[in-house]
Every structure is written in C-alpha cells, then in structure tokens.
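Asker: The following block contains a protein sequence and its predicted model.
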Amino acid sequence: MLSEPGNWVDIRLAAAIKAATTSDHVFPGEVAAEFRKFLAGPLQEARKPAELDEIATLLISANRGGS
Amino acid sequence: MAIYGTNGAGKSSFVDGVEVTLGGGKVGHLSHEYSGRNQEKGLLNTARPAGQQTAVKITLTDGSSETLTWQAGAPTRTKQGATAIEHWDYRRTALRQEELSGFIRATKGDKYSAVLPLLGLSHLETTAENLHKLVKAIERKGDLPTLRAKLDRAADRRREVFGEQTSDQLLARLEQLRLIYAPTQAVESRTNTVADVLIAIDDQIASLSADQRRAAAVGEIGGSDLAARLAKVSEAASRIAEVAEPLIKERLEVLSAANDFVSAGSDLRGSIACPACGKEVDADEFRVHVANERDRLSATQKMYDEHRAAVGEVCEEVARLRTVFGREDLAGWRASLSADLAEHAAYLAALAPADLRNRCGSEDIAELQARVLPVVARAAEDAKASPPQVQTLVNHQAEGRTLQESLKAGALRAGLNRANALIRLVKELEAAVREEIAERARTTFENISGDVQRYWKVLQPNDVITDVRLVVPEDNDKAVEVALRFHEKAQDSPRLTLSEGQRNALGLCIFLAMAHKAADKDCPIILDDVVISFDREHRSRVGALLRQEFPNRQVVLLTHDREWYFELQRTLPGTHWGFQRLRPFTTPFSGITFADHGVDITAAKARAKTEPEEALGNVRRLMDVALSEVAERIGLAVPHMRGDDNDHRTAGQFLVALERAATKFFRKKAGDAYVPNADALAAIKKTKPELAIWGNRGTHTFSGSTTEAEELIDGCEAVLGAFMCDGCGTPVGVYESTGGKVECRCGNLQWRPG
C-alpha cells in the first residue's frame, strides 16, 4: 500500500464518528464534511495556533448544525 | 551520475532544486523562522544580480520539463509537455545525509519520527499532531471553562434557592408563578414564561410606593450570592497556589537539569535524568515521560482557566450590584448607611467590572470581601424588616431569576455536551490516524522487507546479523523498532547490536526499497552524502548495490568523499555513468560551478585569440582538475598535506610529482617490451614552468599574450594526451594489472610504481 489510499479518510472518519456518538449527541452531516475537508488537506501540514483556532471555530459551528 | 564537491560547493542545492519542485515550492530543511513565509530568505541567491530571475528547471530526456520561477512570494510553476515529474514523490526520489543520520541517532520513539518521511507518512503524523492540538483549540474557542463555571454557578444558585427540588418540581413552581404574575400570557415556551413572570414582577415593584421600592432594591442587594462567588475564586486561587510553588521549584530544576543535559552532550540513549523532574528514565520512555509532564502542566492550565471563569462570575455579580445600588430609589438607604459602610458603598460604586476582570488578584478579592460583603449583609439584614408584600415580591423575583438561569443552563449544558462530543470525536480521529500510520507502516514494511534484506546482504555481507527488518510494536502508537537476529538469536534490544554505520546502512536499504517500489514512476534516485558513516569497505558496496539492483534507474550520487568518487569512477561502467566535479564555492556572484573537467581545450584555444589572460587562467583551473583525476587514476604518490589542502592541490603541484614519478614509472609499449614514456616526460618538463609562470600570471594579474596562452594550452593538451592511449582511447589507470600496475585498456600505456 505505497500509494495513498483514497478512501482512508472516509473509513477512519466514519469509524471515529460512530465511536464518539452517544445518545446525548449525534453529529450533524456538516461535521463529517468539515473533517473530511480538513483531514484531506489543511491538517496534513503543520498549523499555527491561530489557524487551528479557525478550524476549531468552523467545527464548533458545524457541530451546531451549521447554525 | 556521480558528482563530487567539497563541503559548501553546492551539491545539496541540486537536491533542494528537486525538493522545491516536488515539494510544493518549499524545502524541508529550510523551514525555520528566518527563512521567510515563502522561504524567500533561504531559497534565493542573496546576491542575485539585478534583472536576473531565480528559477529551478528540471528537463527530462523526452524534452518535457518543469520550471519554478520566483518574482515575489511563492514560485510560479510552468510545465513543458506531459512531464513525468508530477508523479514523482520526493521522499522516494531523494535521500539526504541528515535524514539518514536522523534515523541513526533515533531512539525507538525518535526512530518513528525519522522513518515516517522515508515511508512517506509524515503528513499523517502531522495530521495526528494537529488533531492533538485541535482539542485545546476547541476548548479555547468554545470558551468551555467559562461555560463550565456558569453551569456550576447555576447549580449552586438552584440549590441555594430551591434546595434539592427536582426539575419537575421547579417547572411546577414556574407554573405557579405564571398563574400569580402572568396568568393571561400565552404559554409559548418556558423561557418566555419565566421572562413574562420577571417582567410582571418588575412592573409590580415599579408600581410600589417609594419606600416599598427601596425595600425591594435592598432585598435585591441582600439576596446577592457574591459571597459564594468570591469563595469560588478563593478556592480556585488556593488550588493554583498549591501547585504553583512546587511547579516553580520544578521549573528551576528543569533549567538546571536541561543545562546538565546539554552540557553532557547526551544523545538520548540508555538511562537519562529527565530534565523536567530529574527522575531516571530510559531514553525510550523519555518522550512518554515528557508527555506526562506536559499533561500535568495542562491540568495546571485548567486550574487557571477555572480561576478566570470564577473571576468572570464575580465581575458579573458586581456589575449587577452596582446597577441596583445606583438606583434612585435607594438614595435614602444609602444615606442611612454608617460612615464605614458609606465608604464601602462608594468603593462599590467606583468599581469598573471590566478592569476588575482583567486585573483581579488576591488583593482585589480580599477587598471585595472586606468592603462589598458588609454592604450586602447590611442590605440582607434590612430586607428582613421589609413589608411582607415586598419580601414576597423580592423572593419571587429571586426564584424567577434562578429558574431563568436554570433554563439557560439547560441550553449551556447542551452546548457543553456538543463541545465535549466534538472533542471526543477529535480524540477518536487522532487515534484513528495513528492506527492508519501504524497499519500503513506495517504493510509497507512487509512489502519492502524482501528488498531490504537483499540490499542488506549486499551492504553488510557479514552473516552474523540476519533477518534485519523494521517492525511496528502492537502496543505503542509512536514507535518503530529494528528487529534482527545476531548469531541466529533474536535480539530484544537491537540498538545494542547495530553499529552506527549499520543503522545508516539500514536507513539506506529502506529508502532504496521504497524507491524501488516507485520504479513505475520513472523517477531518479538521488543520494546526497549518504555514506558519511560508512567505512571504506562498506562504502564500496554502495556502488555495487546500485549497479546490481538499479541498473536501469537514473541514479545521482552526490558526495564530498573524494576517495569514494574516484573509486566510483574506476568501478562503475563509464558507458552508463557520468562523473562531474563541483568547484569549491567562492562567491554568490559566481555561484555554483562545475569544474571544466572533460578537458575542453578547444574552448580555451578559441578564447586565447581574444582574451588570452582569461584563457591562461581557465587552462590552469582546467589542469587543476584534470591532473587530479590523472593522479587519482594512476595512484600518484603525493606528499600529505594538512586538512582540506589534500583536496585542493594545484596543477603545478601535480606536475612536480608527475615529473619525479614519470621518469621511473610511466612506460609505453614498444614491440613486446615497455620503455620509458619519453614523450610524456618531455611534455611534463616543458609545461611545468610555463604553467607556473603564465598560468599564475593569467589567474592573478590578468595579463598574458595570445602566444603564451596558445603555447601553454598546447603544452597542457600534450601532457593530458600523454596519459590517454591513442590505440584504445582510454586513459592509463582504467585497468588494474598485477603488482600494483595500472594500464589503459589495451595495455599500451602502463604506470608501474615501484
């Protein structure tokens, strides 16, 4: 498996969402979409704290269902 | 191709050029705080002439090319033709010494970091690190400490006002209050209902007489929970104080231990004293130990967050008290206060909650306790004497506010639960990415282990070490270990068995195995000074390995090892390999230059007509290189010189040694016998003084005539020609005969030392 498996993000993300979901909270689809985007690109390079703050803000918003 | 150059000649710049092209316009080892956002301070020639452009261009034999050019900021990329370059992976194309030495020095945990780039997995490790940091970012941006403090406060207040009543009982109480104060309002939501009740109570208070309104306001002040809020701040501060003192002491020990650590020049092996706490830990456990220390500091950070949140709660209540205290209705009550309390009241009125929030320390808390709490206590006492009707209104108002806070707390709790779920997800993802790394590493190791072991046998034919392979332990997310057998026995601690050179060899084997897997990408293999820790014997095997395992791949070897370079020249087939030498770097204006080896006498001759002084200098430099190659091929004995001077001998020095040795050692076949090579000796004797006088003059004083230049060039051509066989076209030294003799391929020329 020397080339990048194209669907590793989807597979790992789906498993992580399943493991983190509880009766108290079900993740909106937007969260998966944001993580898919970040895992496939921006998070693969070293990020400054301010950049991680931006990503955190987007994820928090997505986790509210985009509200 | 093999390229030789002394340190600083610019060898690695070629690798930088490849990396910058394949690596998104950046070079890994230039990523530091001084290199600029686009590495413009590290990549570009600082003495670039005005009007010139900085560019990197890679051209393939099919004519396709990729070019990066810099004007300002990030480079611009242009492609010519459908080039294969876009499919190359830098980590499977080039290997630098520092990447290899990183692997050599690594402990189990470090080895993990060092091997990831070789496996092309470092981007996943970066992802995992980013996810780890993202947890803190979510805590920060979600202001979770404040959220938690508000929830704690709401729960405390609910207990104060309603005791242990259940949520259903609270809702029943809300319904009772609604029926008392807002029976006609439509019930849209509990939030609206409690708001309607509070508005109705405010309206009723506003409609009271002045005395009654004053009593109500006093009741509001008296009902303040400021004391409890201040207690929370004090508790948080004392928790911090408990850890602060030992923490400071410990940090001082860190400085001391870290200093000892650095002074001792430790390379993180064996048992070491942790710079954070002094505890003896195994080097492999060091990273984990440091991570635990970091977590402990994180716990301290959490205490500071809680303290900040508690201060925020105090400031909110102080702001509310100031508002109520400032009401006109309370003018009479304020006037009735004793001198001491009046002074305290003035203090409360002058407080600026925003400033207090920023600076709030133990002295401020003590002052609030000493000054504001007595005012609140006095109001509470006076409120007891309020008319029953007013007391009821104030009590209902307090209940209404507490119900309102409880309802808000429900929303806050939902937000906190959402944030906690998000953090849980990020942690799950970090673990998932690390699992992905481990799985891919294991798969890759299995995939390449056959190649690694085959290469290993070539580089390290000593069969006491066998079955060398990399493994990812099942029980550790961030570790890679070398497994091997020593005299057929599996080693628990291979680091005790492998020497530095062997580890280096293993790193090279892994890279080459990875590069081998990328053969379908038709990319070259570039090795930059990777044999530094190899001894002569093992260094020789690298050439053999490349010849044996990569006969159809383009390989570029960059080395500052002159001996190895000449050995490669002798052992690698000239039909497939090219050899170039870089001149020592002199100034950024001249930049990186190849030595004019290949003896381009023609160009020197052409130049002699118009620029004789230039031609004289050029031919001298040309002879510096060409004669060093002749000397290397024939094994010319030269006096030892100090340090790098051995690598910087001049043509004049070589001619002196050649003149002395050629008389006895240089032979030419005449019939069946070898006779002294008189022509060669004559050419050397004639050219030696000319080169010393005219060549030096051309180089140093830039003077000389066309006649001198042409005569010197002819002489140099004759000297070099004397070492090249007219018959077979190969130089003397290309073939090693018996008894230390070296010959040209056909044996017509012979150098017979001794």
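Answerer: Sure thing, it's come through. Numbering: from 1, shown residues only, chains lettered A, B, ... in the order given.
Asker: Residue B:7 is in contact with residue B:559, isn't it?
Answerer: No: with contacts defined as C-beta atoms under 8 Å, residue B:7 does not count as touching residue B:559, sitting 10.9 Å away. C-beta: built from backbone N, CA, C; applies to glycine.
Asker: more crowded one of these two?
Answerer: Taking other C-beta atoms under 10 Å in any protein chain shown, residue B:7 and residue B:559 do not tie; residue B:559 has more neighbours (23 against 12).
Asker: what about the more buried one, distance to residue B:480?
Answerer: Spatial separation of residue B:559 from residue B:480 under the definition C-beta to C-beta, to the nearest Å is 28 Å.
Asker: Mind naming the longest helix for the chain?
Answerer: As the question left the chain open, I've gone with chain A. For chain A, the longest helix by residue count, based on DSSP state H, is helix A:49-63.
Asker: my bad, the chain I had in mind was chain B
Answerer: As assigned by DSSP H, the longest helix anywhere in chain B is helix B:388-459.
Asker: What residues does the stretch 501-650 of chain B have near chain A?
Answerer: Taking C-beta under 8 Å from any C-beta of the partner chain, the part of the stretch 501-650 of chain B that reaches chain A is made up of B:514, B:517-518.
Asker: Give me the mean pLDDT for the helix or strand hosting residue B:546.
Answerer: Secondary-structure element containing residue B:546, defined by DSSP states H and E: helix B:536-549. Predicted confidence along helix B:536-549 averages 89 (mean pLDDT).
Asker: So for that helix, what gets flagged as buried?
Answerer: Residues of helix B:536-549 classed as buried by neighbour count (16 or more other C-beta atoms under 10 Å in any protein chain shown): B:538-543, B:545-547.
Asker: Using CSV, please lay out the residues you listed together with distance to residue B:156.
Answerer: Compiled in CSV, the buried residues of helix B:536-549 are given as follows (distance: C-beta to C-beta, whole Å):
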residue, distance to residue B:156
B:538, 72
B:539, 74
B:540, 78
B:541, 75
B:542, 72
B:543, 77
B:545, 73
B:546, 74
B:547, 79
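Asker: Just the angle for the helix holding residue B:546 relative to helix B:388-459, thanks.
Answerer: Taking axes from the mean of the first three to the mean of the last three C-alpha atoms, to 10 degrees, helix B:536-549 and helix B:388-459 form an angle of 90 degrees between their directions.
Asker: In PDB, list the C-alpha atoms belonging to helix B:536-549.
Answerer: Taking only C-alpha atoms (Å, rounded to 0.1, in the frame of the first residue of the first chain), the coordinates of helix B:536-549 have been written out as PDB:
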ATOM      1  CA  ARG B 536      35.900   2.200   3.100                       C
ATOM      2  CA  GLU B 537      34.700  -1.400   2.600                       C
ATOM      3  CA  HIS B 538      31.000  -0.700   3.100                       C
ATOM      4  CA  ARG B 539      31.200   2.500   1.100                       C
ATOM      5  CA  SER B 540      32.500   0.400  -1.900                       C
ATOM      6  CA  ARG B 541      29.500  -1.900  -1.600                       C
ATOM      7  CA  VAL B 542      27.100   1.000  -2.200                       C
ATOM      8  CA  GLY B 543      28.300   1.300  -5.800                       C
ATOM      9  CA  ALA B 544      28.000  -2.500  -6.200                       C
ATOM     10  CA  LEU B 545      24.400  -2.400  -4.800                       C
ATOM     11  CA  LEU B 546      23.400   0.400  -7.200                       C
ATOM     12  CA  ARG B 547      25.000  -1.400 -10.100                       C
ATOM     13  CA  GLN B 548      23.400  -4.700  -9.200                       C
ATOM     14  CA  GLU B 549      19.900  -3.600  -8.100                       C
END
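Asker: coming back round to it: the longest helix of chain B close to chain A?
Answerer: Yes: using C-beta under 8 Å from any C-beta, helix B:388-459 reaches chain A at B:417-419, B:421-422, B:424-425, B:427-429, B:431-433, B:435-436, B:440, B:443-444, B:447.
Asker: The helix or strand that that helix is followed by pairs with which strands?
Answerer: Next along the chain after helix B:388-459, taking DSSP H and E as the criterion, comes strand B:465-471. Each strand paired with strand B:465-471, and its direction, by DSSP bridges: strand B:481-486 (antiparallel).
Asker: Of all the residues in the partner strand, which ones are buried?
Answerer: Neighbour counts using 16+ other C-beta under 10 Å place B:481-482, B:484 of strand B:481-486 among the buried residues.
Asker: Which helix or strand lies directly C-terminal to that strand?
Answerer: Moving toward the C-terminus from strand B:481-486, the next helix or strand (DSSP H and E) is strand B:489-490.
Asker: Quick check: next helix or strand after that following strand?
Answerer: On the C-terminal side of strand B:489-490, the closest following helix or strand by DSSP H and E is helix B:500-517.
Asker: per-residue confidence averaged over that next one?
Answerer: For helix B:500-517, the mean pLDDT works out to 84.
Asker: same thing with stretch B:415-434?
Answerer: Within the predicted structure, the mean pLDDT of stretch B:415-434 is 93.
Asker: Mind listing what's buried along it?
Answerer: Buried positions in stretch B:415-434, judged by neighbour count with 16+ other C-beta under 10 Å: B:415-416, B:418-434.
Asker: Could you list the residues in contact with that stretch?
Answerer: Stretch B:415-434 is contacted from outside by A:12-13, A:15-17, A:19-22, A:24-25, A:27, A:31, A:35, A:39, A:59-60, A:63-64, B:124, B:127-128, B:131-132, B:134-135, B:138-139, B:142, B:144, B:147-148, B:151, B:477-478, using C-beta atoms under 8 Å, 6 or more residues apart in numbering or on different chains.
Asker: Of those residues, just the buried ones, ChimeraX syntax please.
Answerer: A single ChimeraX command suffices to select whichever of the contacts of stretch B:415-434 are buried according to 16+ other C-beta under 10 Å:
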select /A:12,13,16,17,20,25,27,31,35,39,59,60,63 /B:124,127,128,131,134,135,138,139,142,144,147,148,151,478
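Asker: Can you classify the closest residue to residue B:77 other than its chain neighbours by secondary structure?
Answerer: The spatially closest residue to residue B:77, leaving aside those adjacent along the chain, is residue B:68, at 5.5 Å (C-beta to C-beta, 6 or more residues apart in numbering or on different chains). Three-state assignment for residue B:68 (DSSP: H, G, I helix; E, B strand; the rest coil): strand.
Asker: what pLDDT does residue B:68 get?
Answerer: As predicted, residue B:68 sits at a pLDDT of 91.
Asker: Contacts for stretch B:329-345 next, please.
Answerer: Counting by C-beta under 8 Å, 6+ apart, stretch B:329-345 makes contact with B:210, B:213-214, B:216-218, B:324-325, B:371-372, B:374-375, B:378-379, B:382, all of which sit outside it.
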